[in-house]
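A.B. asks: Okay, predicted coordinates and the sequence, questions at the end:
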Amino acid sequence: MSDIKNAKDLRALSAADLNVRMDELAAEHMKLRFQKATMQLNNTARVGQVRREIARIKTILAERS
């Protein structure tokens, strides 16, 4: 996965790339939730990071439409 840190980097991507990135993040978020439920999650902060990045992508897509 790419290391996109902020909204400025996300805005440089096309809508198709943003949708692909959001799908990847949604899959990662589900995996992290299962790990948390089974007490196998080491980095609990990653759940929040993924949620915020998904929100950033949705915001950028909404701004464009």
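C.D. replies: On my side now, so go ahead. Numbering: from 1, shown residues only.
A.B. asks: Run a quick neighbour tally on the spatially closest residue to Glu28 that is not a sequence neighbour.
C.D. replies: Once flanking residues are discounted, Glu28 sits nearest to Val50: 5.6 Å by Cβ to Cβ, 6 or more residues apart in numbering. (Each C-beta comes from the backbone N, C-alpha and C, glycine too.) The number of residues packed near Val50 is 20, by other Cβ atoms under 10 Å.
A.B. asks: For Ser65, give its distance to Ala15.
C.D. replies: For Ser65, the distance to Ala15 equals 9 Å [Cβ to Cβ, to the nearest Å].
A.B. asks: same thing with Met30?
C.D. replies: 23 Å.
A.B. asks: neighbour-wise, which of Ser65 and Ala15 wins?
C.D. replies: With neighbours defined as other Cβ under 10 Å, Ser65 and Ala15 compare such that Ala15 has more, 11 against 5.
A.B. asks: just how off-centre is the longest helix along the chain within its chain?
C.D. replies: For the chain, the helix with the greatest residue count under DSSP state H is helix 15-37. The gap between the average C-alpha position of helix 15-37 and the chain average comes to 6 Å, counting by Cα atoms, centre = their mean, to the nearest Å.
A.B. asks: What is the very next helix or strand once past that helix packed up against?
C.D. replies: Remark: after helix 15-37, the chain's next helix or strand is helix 45-64, criterion DSSP states H and E. Packed against helix 45-64 by the contact rule (3 or more Cβ pairs under 8 Å, 6 or more residues apart in numbering; DSSP states H and E) you find helix 7-11, helix 15-37.
A.B. asks: how far does helix 45-64 sit from the chain's center?
C.D. replies: Using Cα atoms, centre = their mean, the offset of helix 45-64 from its chain centre is 6 Å.
A.B. asks: State the mean pLDDT of stretch 29-41.
C.D. replies: The average pLDDT within stretch 29-41 is 96.
A.B. asks: Convert the C-alpha atoms of it to CSV, please.
C.D. replies: C-alpha atoms of stretch 29-41 as CSV (Å, rounded to 0.1, in the frame of the first residue of the first chain):
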residue,chain,number,x,y,z
HIS,A,29,-10.4,-1.8,8.3
MET,A,30,-12.5,-5.0,8.3
LYS,A,31,-9.3,-7.1,8.9
LEU,A,32,-8.3,-4.8,11.8
ARG,A,33,-11.7,-5.0,13.4
PHE,A,34,-11.6,-8.8,13.3
GLN,A,35,-8.1,-8.7,14.8
LYS,A,36,-9.3,-6.4,17.6
ALA,A,37,-12.3,-8.7,18.3
THR,A,38,-10.0,-11.7,18.7
MET,A,39,-7.4,-9.8,20.7
GLN,A,40,-4.7,-10.2,18.1
LEU,A,41,-4.4,-6.5,17.2
